[in-house]
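Participant: Give me a 3D structure for the following:
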Amino acid sequence: QVQLVESGGGSVQPGGSLRLSCAASGSIFSTYAMGWFRQAPGKERELVAAIMWNGSTYYADSVKGRFTMSRDNAKTTVYLQMNSLKFEDTAVYYCAARRSAAITTTPPLYDYWGQGTQVTVSS
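Facilitator: Below you'll find the model as predicted:
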């Protein structure tokens, strides 16, 4: 069983930055693909960024060049650095883990989820 705990959400003005963290329990974290999803009110959950065990990453077009995902396997933690935040980035952000080395954009294919952390971009 893997437990995921997110932290780092909050409120920020447009153009600002936030760094989300997701601490994972479980001894085989290093072999899992990890993802950051977000869900805004009335919208479907969408993959924002994902990372493979070897550090290869995927980013949604809407966040490319602004968000950076990284992982520290020794600390069993993944991070999402969010820069140049926009109003439309406002959502609940979820960390997810997949019992596979491969990245997928499909939420049901992720096996473990965190509780979510709110990110609000407002002036």
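Participant: host element of the residue most central in space within the chain?
Facilitator: Centroid check for the chain by C-alpha atoms, centre = their mean gives residue 36 as the closest residue, at 2.0 Å. Element membership for residue 36, per DSSP states H and E: strand 33-39.
Participant: in that strand, what counts as buried?
Facilitator: 33-38 (16 or more other C-beta atoms under 10 Å). (C-beta placed from N, C-alpha, C; glycine too.)
Participant: ok, now stretch 63-77?
Facilitator: Judged by neighbour count using 16+ other C-beta under 10 Å, the buried positions of stretch 63-77 are 63, 67, 69, 71, 76-77.
Participant: Distance to residue 8 and secondary structure added to the residues you listed, as CSV?
Facilitator: CSV is the format used below for the buried residues of stretch 63-77 (distance: C-beta to C-beta, whole Å; DSSP: H, G, I helix; E, B strand; the rest coil):
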residue, distance to residue 8, secondary structure
63, 16, coil
67, 13, strand
69, 13, strand
71, 15, strand
76, 16, coil
77, 11, strand
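Participant: what about stretch 4-18, distance to the chain center?
Facilitator: Computed by C-alpha atoms, centre = their mean, to the nearest Å, the chain-centroid distance of stretch 4-18 equals 11 Å.
Participant: residues in contact with residue 101?
Facilitator: By C-beta atoms under 8 Å, 6 or more residues apart in numbering, the contact set of residue 101 is 31-33, 52-53.
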